[in-house]
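Student: got a sequence here, can you model it:
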Amino acid sequence: MYEKSKPGNDSVQPGQLSPKDCFDMLENAPIGAFTSTPDGRFLSVNPALVEMERCLSFLF
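Tutor: Sure, this is the predicted structure:
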């Protein structure tokens, strides 16, 4: 299990990810990740998804 990396953050129990850790993990992931509204509009995308979309735009 992943251990918290920042001491002094009492709101995160050992073995749990903090919101910042989750954000950092998705932001640096080699795969595309996003959040969206129920109707499909993007709220946020990570750099890997932006790069994938940029590459795909040359194909269509």
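Student: what about Leu43, neighbour count?
Tutor: Counted with other C-beta atoms under 10 Å, the neighbours of Leu43 add up to 8. The way it works is simple: take the backbone N, C-alpha and C, and place the C-beta from them, glycine included.
Student: looking at this, it is in a strand?
Tutor: Yes. Leu43 forms part of a strand when assessed by DSSP: H, G, I helix; E, B strand; the rest coil.
Student: nearest residue to it other than its sequence neighbours?
Tutor: Thr35 (4.5 Å; C-beta to C-beta, 6 or more residues apart in numbering).
Student: now do the spatially most central residue of the chain against Gly32, distance only.
Tutor: Closest residue to the average C-alpha location of the chain: Leu26 at 2.2 Å, with C-alpha atoms, centre = their mean. Using C-beta to C-beta, to the nearest Å, we find Leu26 at a distance of 10 Å from Gly32.
Student: then Cys22?
Tutor: Distance, Cys22 to Gly32, by C-beta to C-beta: 16 Å.
Student: now swap in Pro47 and tell me
Tutor: From Pro47 to Gly32 the distance is 9 Å (C-beta to C-beta).
Student: just the helices in this protein please.
Tutor: 19-27, 47-57 (DSSP state H).
Student: give me the buried positions along the helix or strand of the chain with the lowest mean pLDDT.
Tutor: Least confident helix or strand of the chain, by mean pLDDT, DSSP states H and E, is helix 47-57 with a mean of 82. For helix 47-57, burial by neighbour count (16 or more other C-beta atoms under 10 Å) applies to 48-49.
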